[in-house]
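>>> Predicted model and sequence below, questions to follow.
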Amino acid sequence: MEVVCPIAMQNNGTQQQQQSVETSATTGGQSPATCVSIATAAAVVVASSSSNNSNNIETPPTTPQQQSNIAAVAAATTATMPAMPKEKATTAVSFNNFAELGLKKERLGVMATTMTRMQKQQQQQQQTCGCGAASAVTTTTTTSTTTENNNNSRYGNSNRYLPNGHTSPLAAALASNSSPLPIYTMCCSQQELHQQQLRAQSQNTKLYIDAMMGSPSSSRNTSAATAVEPLTPPKKSADDYIFGRYIGEGSFSMVYLAVDVHTRREYAIKVCEKRLILRERKQDYIKREREVMHMMTNVPGFVNLSCTFQDQRSLYFVMTYAKKGDLLPYINKVGSFDVACTRHYAAELVLACEQMHRRNVVHRDLKPENILLDEDMHMLIADFGSAKVMTPKERTEAASQLSDRGRRRRSARSSDDDEDSEDLYYDLDDQDDLDDVDGESNDDVDGGDEVDSAYHSCMPRRRQRRPRRGSFVGTAQYVSPEVLQNGPITPAADLWALGCIVYQMISGLPPFRGSNDYVIFKEILSCGVDFPQGFDKDAEDLVKCLLKVDPRERLGAQDEFGYYESIRSHPFFAGIQWRTLRQQTPPPIYPYLPGVCKDEDFPSSFSVPGDLEPGLDERQITRLLGMELGVGSVGGSDSAAQKTAKTKNSFDLSDAEKMQRRQAQKTDKWHVFADDEVILKKGFVNKRKGLFARKRMLLLTTGPRLIYIDPVQMIKKGEIPWSPELRVEAKNFKIFFVYTPNRTYYLDDPEGYALDWVEAIENMSKLSYGSAATATSASASASASSLPATSSSNRSNSSSSSLAIVASIANSNSSASSNCSPTARRNSPAACRQQMPLGSLTAPTAASTTTATLAVTSASAAAAATTTHAKKTASN
Ligand SMILES: Nc1ncnc2c1ncn2[C@@H]1O[C@H](COP(=O)(O)OP(=O)(O)OP(=O)(O)O)[C@@H](O)[C@H]1O
């Protein structure tokens with residue numbers, strides 16, 4: 001096919017012109033569209049004559065036009081997501097084309113050498129080509145900056161984004177082989193290239209699977225993989241990755257774990273549906289996310305953006321895979337972090353804020369969900385869709401506006417219609433579509449989201465934007481008052497979020513809560529923060545200093561640009577080694593439960609319920625040891641007698657019994673919550689979330705279900721999800737924990753029947769899933785006593801319900817960091833006890849101390865004994 005290329009044909013430039021084309025293609029100096037058209041045209045011209053030429057590279061000198069064509073071809077490989085047409089421009093170039101162009105070897109320099117090498121490689125691969133034509137190459141020398149990371153070309157020197165000056169993992173991996181590998185090859189027919197790619201990929205896939213399976217062939221075949229690597233074009237596409245499990249989803253994106261078929265590195269790939277982006281008018285959001293991710297790539301503490309690409313349907317962000325997920329499930333799982341852990345993560349967050357703010361990036365949506373954790377449990381900040389990139393001028397202006405606003409607010413609180421302010425409440429400009437979402441921009445729907453961005457500061461404003469009401473950037477619980485009030489944005493907005501996150505890590509819940517956003521906003525504006533009993537005093541002071549309505553008064557707001565000296569030197573951070581923080585092993589995540597440890601602030605938590613007698617009566621001994629025997633019973637005065645009857649699980653009701661009991665419970669006011677199931681046990685408990693406790697009616701039903709109800713509003717608040725993994729553990733007579741894969745429920749029976757609850761739940765679990773699925777009570781009791789149990793089976797159960805939370809939360813097959821794993825705790829029980837002073841049965845009175853000690857001894861003895869021995873002990 002003959003294609004006329006006006007640009008290529010008219011180009012009579014000199015070598016400098018060639019260089020200038022190269023430079024512009026590389027640095028983005030040329031407008032993407034121009035580069036693309038040059039590239040496309042040149043590539044097509046080159047391709048069109050390929051069939052007539054030989055492989056000889058010792059050919060007549062090239063003309064400037066031809067040089068320009070080559071440079072343009074190189075430019076064509078610099079496809080970036082923002083310039084979709086560039087991707088389309090990566091058209092065929094064969095080895096023959098270069099020969100036809102008559103390039104001088106000396107001019108091409110290393111290129112020629114590499115081409116020769118490539119020739120050799122291709123001779124080995126001729127059979128895969130099938131057409132007899134060799135493939136052409138461009139070399140790393142000529143095109144390294146243009147091809148390695150196609151995404152960064154618009155951001156100037158792309159070398160800064162990846163280690164060792166490489167701009168993509170692929171490039172880094174190629175370079176590590178220290179061979180000037182060809183970057184782009186093309187068979188004489190597209191179809192055959194595709195087949196080659198498929199073959200290469202299937203081989204790589206097999207290698208990957210082999211490697212995953214530990215197959216010896218995987219190492220043997222490494223060289224084979226290297227051999228097929230040159231066939232892969234440099235521009236990434238979805239075909240370069242094996243998409244694995246789904247990690248999560250955002251409002252218009254899905255995130256998958258993926259493996260680069262060439263490097264076998266794992267990535268998280270965010271796949272954004274163009275259709276949804278347009279429908280939700282999130283174009284700016286996406287652009288901003290990409291821009292800021294580029295800015296923060298290679299900065300410690302941030303998710304790297306390795307590359308981006310697109311196809312007709314989707315945009316793809318290839319990012320560092322944060323193996324341990326995000327911070328929120330960890331907080332939810334343990335309820336709250338202990339002080340050491342909170343201190344560490346708060347310090348990492350301070351460092352991250354410094355890094356962002358010194359680059360003029362304000363995140364504006366810092367929250368536990370956006371704080372990811374790498375495999376070493378260090379923080380990686382993600383999700384920059386709401387970020388704002390401020391110019392230094394904007395910063396200064398914002399600072400002065402802050403003072404003006406402060407004054408204005410004080411004098412007249414009514415003027416919140418700040419039409420002129422550079423605010424957050426822009427309507428999306430209709431024409432602000434993603435510059436690379438072709439022809440879909442009329443998919444327009446109203447209801448655009450809030451947007452402002454650095455883009456707007458550098459884009460011409462096509463129409464006056466109007467502040468929008470009722471929308472804001474960020475997430476309700478963490479949004480700062482100035483953002484809510486349409487005020488100027490400064491980095492202090494992130495310091496507010498820092499305060500909220502520290503509060504949440506310590507207490508388990510964000511500081512501003514409410515049934516709806518309106519209530520939350522009112523709380524935020526009035527800055528009414530409750531610090532629950534037991535909140536660490538230094539942490540409280542830090543939070544108070546950060547949660548100031550006036551951003552100028554926030555701790556750190558007046559600090560030197562990008563260095564938060566006043567935050568670093570706050571007493572809460574005493575002992576933090578800031579310089580090496582990210583090299584240190586983060587403290588294991590342990591719950592902060594002052595209510596169940598020896599904390600003098602909580603004497604009441606240790607009081608033994610008044611209805612218990614000193615010493616161990618028969619009932620208590622039976623209760624403790626009966627659990628070891630696995631005898632079922634429901635709490636109540638007759639439970640001791642029932643325990644001896646170990647023939648039948650008392651929850652194993654016949655249909656007739658169930659019907660009878662259902663009839664009987666109809667008068668019970670809690671019956672309506674049981675959904676026609678039999679209530680096997682019920683009672684008031686304090687359900688704790690972090691430091692907060694709420695009174696709930698807990699029902700155990702034949703479902704099996706554990707339903708909790710707000711007794712004041714008479715509303716079902718939720719259920720503890722049952723599964724074979726559910727474990728239950730008593731910490732003392734009052735407190736028991738229910739472990740589920742995603743969360744630990746801390747329950748406190750004020751009546752002191754925690755052990756009965758444990759027993760009942762275990763019985764139900766045995767009934768539903770068989771005894772193998774049930775954690776033994778003895779291990780729970782032993783764990784409660786903080787004394788080591790010797791039974792290995794008990795031990796393993798106990799460790800499975802360990803409070804050191806890491807591996808169970810992370811959706812990762814990698815092992816948890818060693819010092820916070822159950823194994824580590826087993827190996828160093830003393831250290832663990834120090835870290836997690838849970839469950840020591842402590843009582844304020846001498847009498848109850850005796851009770852507790854005896855109980856502990858009995859329990860641990862029971863745990864240590866074999867079942868037979870324990871049975872004997874019990875009968876004695
Ligand atoms: N690099 C990553 N590594 C591991 N998990 C990730 C990574 N990036 C995102 N995720 C997870 O994928 C999920 C979806 O992320 P995504 O960024 O698409 O949406 P979001 O930011 O949660 O929502 P929205 O786009 O609406 O703001 C989140 O649960 C997030 O924790």
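Here it is on my side, so go on. These numbers come from a predicted model, not from an experiment. Numbering: from 1, shown residues only.
>>> and Gln577, how many neighbours does it have?
As a burial measure, Gln577 scores 9 neighbours (other Cβ atoms under 10 Å). C-beta here means a position set from N, CA and C on the backbone, and glycine is covered the same way.
>>> That one and Gln584 touch, don't they?
Yes: counting by Cβ atoms under 8 Å, Gln577 touches Gln584, with 6.8 Å between them.
>>> tally of neighbours for Phe561?
11.
>>> list the contacts for it?
His357, Arg358 (Cβ atoms under 8 Å, 6 or more residues apart in numbering).
>>> Distance-wise, check it relative to Lys236.
36 Å (Cβ to Cβ, to the nearest Å).
>>> repeat for Val361
25 Å.
>>> repeat for Val259
To Lys236, Val259 is 13 Å away according to Cβ to Cβ.
>>> hang on, isn't Pro704 packed against Lys766?
No: when contacts are counted by Cβ under 8 Å, Pro704 is not listed as touching Lys766 (10.3 Å).
>>> show me where pLDDT drops low in this structure?
Where the chain drops to pLDDT under 70, the residues are 1-233, 399, 401-472, 593-649, 771-876.
>>> Let me see the domain layout of it.
Using the TED database, the domains assigned to the chain come out as 236-321, 324-402+471-593, 663-769.
>>> And the helices in the stretch 651-800 of the chain?
Along the stretch 651-800 of the chain, the stretches classed as helices by DSSP state H, counting those that start in this stretch are 655-664, 754-769, 777-785, 792-800.
>>> right, is stretch 274-284 up against the ligand?
No: if you take Cβ under 6 Å from any ligand atom as the test, stretch 274-284 misses the ligand, and the best it gets is 8.2 Å.
>>> Show me which residues of the stretch 351-500 of the chain are close to the ligand?
Glu369, Leu372, Ala382, Asp383, Gly385.
>>> show me what contacts the third one?
Right, the one you point to is Ala382. Per Cβ under 8 Å, 6+ apart, neighbours of Ala382: Phe302, Val303, Met319, Ala322, Asp326, Asn370, Ile371, Leu372.
>>> what's the answer for the second one, then?
For Leu372, the contact set (Cβ under 8 Å, 6+ apart) comprises Val303, Ala322, Lys324, Gly325, Asp326, Leu327, Met379, Leu380, Ile381, Ala382.
>>> For the protein, list the residues in contact with the ligand, please.
247-251, 253, 255, 268, 270, 303, 319-322, 326, 369, 372, 382-383, 385.
>>> Please identify the residue of the stretch 301-450 of the chain positioned nearest to the ligand.
Ala322 (3.6 Å; Cβ to the nearest ligand atom).
>>> Tyr478 versus Glu354, what's the distance?
19 Å.
>>> Apologies, that question was intended for Lys734.
Distance from Lys734 to Tyr478, by Cβ to Cβ: 34 Å.
>>> Name the residue in these two with the higher neighbour count.
Remark: of Lys734 and Tyr478, Tyr478 carries more neighbours, 28 against 24, as counted by other Cβ under 10 Å.
>>> how far away is that one from Gly250?
Distance from Tyr478 to Gly250, by Cβ to Cβ: 17 Å.
>>> What of Ala268?
12 Å.
>>> Which one's more surrounded, those two?
Ala268 (21 against 13).
>>> any idea which element the more buried one lies in?
strand 266-273 (DSSP states H and E).
>>> Looking only at that strand, what residues are buried by neighbour count?
With burial defined by 16 or more other Cβ atoms under 10 Å, the residues of strand 266-273 counted as buried are Glu266, Tyr267, Ala268, Ile269, Lys270, Val271, Cys272.
>>> who touches the residue in the stretch 501-650 of the chain positioned nearest to the ligand in this structure?
Ranked by Cβ to the nearest ligand atom, the top residue of the stretch 501-650 of the chain for proximity to the ligand is Ile501, at 15.3 Å. Contacts for Ile501 (Cβ under 8 Å, 6+ apart) come out as Ala346, Leu349, Leu366, Lys367, Pro368, Ile371, Tyr478.
>>> ditto for Arg705
So Arg705 contacts Glu677, Leu699, Glu719, Trp722 (Cβ under 8 Å, 6+ apart).
>>> so how far is Leu680 from the nearest residue to the last one once chain neighbours are set aside?
The reference is to Trp722. Nearest residue to Trp722, sequence neighbours excluded (Cβ to Cβ, 6 or more residues apart in numbering): Pro704, at 5.2 Å. According to Cβ to Cβ, Pro704 stands 8 Å off from Leu680.
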